[in-house]
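Novice: starting from these lines, generate the structure:
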Amino acid sequence: MKKILCFIIFFFALTLGVSAEYNIVNDVGFNYGGNKIDHFYDLDFFSDGSYVVVGDTRSTFREIAVNGNYPDAILAIFDNNNNLVKEWSWGNGEENSVEEFFSVRVVDDNSFLVLASDASGTKYAIKYNKNGTEMWSTELGSNSASIDTYSHSFIYIEEDGNYLIASNSLTAKKIRRLNDAGTILKDIEFPNYFSETNKIVEVDDNYIVAGTNNTAGSLALYEVSKEGTITDTQVFNSATFSKIYDIDVMGDNLLLSLDAGICSEDCVFDNDDRGVIVIVDKGYNIIKKASLGVSSFISTHVLEDKIAVVEQVATTHSNIYYFDFDLNLLAKYEYKINNGHVLFHEAKINPVNNTLYVAASFDAQYGNIGNNGDYDGVVMSFNPVYAEKNDDLVLDVIDDDSKKDSVDATEEENTKTTGTVENPDTGVFIGIGLAILSIIGLAIVLINKRKMYKI
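Specialist: This is a model prediction of the structure:
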């Protein structure tokens, strides 16, 4: 009898620990730059885990010379232990230069492509090798956007080695195809209201293009053939201030992050969806969505068994989320500085350790991450660490018309910080309850049999 009761107690305790959560741990955080304004906007990895980061600076430090209080495009390479290997500036020491590197894509282990903008707003694609030598530079066009305003963009490498480049302008709605020598081969033109292209993915031998629309536009995806012809358009909302931040392929579905804008009629997404991640099928039907609140920028990354989400909120703070593939929240953490700004920009996954890295900008000390002046460029890495269950908390996850209460984030002022949010699966608890009842029933049967034998 005692053995049976001990087994029941042991199994009961074991089943109570089935539900679990994740801690978000940031392992890397360092300030980069001088005593003025420095930003990191984007980064990408070489195959050994070393990486290149791009941005701009108004500071003079080490090998970087800036003449006057103007931003200069800056680039830095770090090894896989986050040690600075090389840095240089596009217009090093030039008087009254106004320049920015705003996007980067590694081509191979010895070269990479950057998108740049100069004082006139002219955009360039520039290919460098890893030691800093410029291999070629191609002018892409100009726009009317402020040079000092970070703009999202993309560089897509096609199977034949050509590049599809969207440099984001308010006047030139196009994607340019370049060959590996930097020669422009073709322009893919978009409707006038399609002002910025933020991401391109390949689906069923076509491209799906997503981006930002101007105030007279609509929330839309464009299907583009490999030859560069627009073959289909999916409009979700005709709304002002609408935008699709990011798009990823997730199995047979697409994962979108978006701002639905201000919609007056025929809205697939309502006006409460000012920051939302959405799973849609290939027919663009909504499977599930999760609301994040009001977002300024969202970047999504599909990992082997979960989704990583980077969210910038206004100009003050940023959030990191991890979801499972059903958009159940595994963890969330808010990064915020009192009277300061934490700006998370583009992010990439380290191919060596599958860790999320973010190019960021801080204008104050954060834990042990120092501050040299105004804004400093910062690289942060994040990893979800399995932990025991504490609280049963959920995010505002919306499955069709159902809606749940949101969760207030927590904050902590350490270099290595963790935050947790638990979203238990109801089915797990039902299974646990049934298992416990089965064990108790089995125990009763065994006890009764024991009594029968004694008689």
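Novice: okay, now residue 72: neighbour count?
Specialist: 27 (other CB atoms under 10 Å). C-beta here means a position set from N, CA and C on the backbone, and glycine is covered the same way.
Novice: that one touches residue 88, doesn't it?
Specialist: No - the criterion here is CB atoms under 8 Å, and residue 72 misses it with residue 88 at 10.3 Å.
Novice: joint contacts of these two?
Specialist: Counting by CB atoms under 8 Å, 6 or more residues apart in numbering, the contacts common to residue 72 and residue 88 are residue 64.
Novice: which regions of the stretch 201-350 of the chain sit below the pLDDT cut-off?
Specialist: Under the criterion pLDDT under 70, the flagged ranges of the stretch 201-350 of the chain are 212-217.
Novice: and residue 401, what pLDDT?
Specialist: The model reports residue 401 with a pLDDT of 33.
Novice: also residue 67?
Specialist: 68.
Novice: next one: the one 4 residues further on
Specialist: Residue 71 carries a pLDDT score of 86 in this model.
Novice: hang on, isn't it packed against residue 59?
Specialist: No - taking contacts as CB under 8 Å, residue 71 lies outside contact range of residue 59: 9.9 Å.
Novice: can you list residues touching both of those two?
Specialist: Joint contacts of residue 71 and residue 59 (CB under 8 Å, 6+ apart) are residue 37.
Novice: which ones are touching residue 384?
Specialist: Contacts of residue 384 by CB under 8 Å, 6+ apart are 22-25, 306, 322, 330-331.
Novice: hmm, residue 117 is touching residue 100, no?
Specialist: Yes - assessed by CB under 8 Å, residue 117 is found in contact with residue 100 at 4.9 Å.
Novice: just want to know which of those two has more residues nearby.
Specialist: residue 117 (31 against 27).
Novice: look up how far residue 133 lies from the more buried one.
Specialist: 21 Å (CB to CB, to the nearest Å).
Novice: got it, and residue 384?
Specialist: Counting by CB to CB, the gap from residue 384 to residue 133 is 39 Å.
Novice: next one: residue 22
Specialist: 43 Å.
Novice: those two: who's more crowded?
Specialist: Counted by other CB under 10 Å, residue 22 and residue 133 do not tie: residue 22 has more neighbours, with 21 against 9.
Novice: residue 300 looks like it's in a helix, true?
Specialist: No - counting by DSSP: H, G, I helix; E, B strand; the rest coil, residue 300 falls outside a helix, being strand.
Novice: who are the neighbours in contact with residue 184?
Specialist: Counted by CB under 8 Å, 6+ apart, residue 184 has contacts 138, 176-178.
Novice: 6 Å - rerun?
Specialist: 176, 178 (CB atoms under 6 Å, 6 or more residues apart in numbering).
Novice: tell me the pLDDT at it?
Specialist: Residue 184 is given a pLDDT of 94.
Novice: state the distance from it to residue 61.
Specialist: 36 Å.
Novice: so the residue nearest in space to the middle of the chain bridges to which residues?
Specialist: Geometric centre of the chain, nearest residue: residue 299, 2.6 Å, by CA atoms, centre = their mean. Beta bridges link residue 299 to residue 310, judged by DSSP bridges.
Novice: thought it was touching residue 310?
Specialist: Yes - here residue 299 reaches residue 310: they are 4.3 Å apart, a contact under CB atoms under 6 Å.
Novice: so what's in contact with those two at the same time?
Specialist: Contacts common to residue 299 and residue 310, judged by CB under 6 Å, 6+ apart, are residue 347.
Novice: now residue 370: closest residue in space, sequence neighbours ignored.
Specialist: The shortest distance from residue 370 to any non-neighbouring residue, by CB to CB, 6 or more residues apart in numbering, is to residue 31 (5.1 Å).
Novice: again, but for residue 327
Specialist: Per CB to CB, 6+ apart, closest to residue 327 is residue 290, 4.4 Å.
Novice: got phi/psi on that neighbour?
Specialist: With angles defined as degrees, to the nearest 10, residue 290 sits at phi -130, psi 120.
Novice: quick check: it vs residue 64, distance?
Specialist: On the measure of CB to CB, residue 290 and residue 64 end up 41 Å apart.
Novice: so for the host helix or strand of residue 383, what's the average pLDDT?
Specialist: Taking DSSP states H and E as the criterion, residue 383 maps to strand 376-388. The average pLDDT for strand 376-388 rounds to 84.
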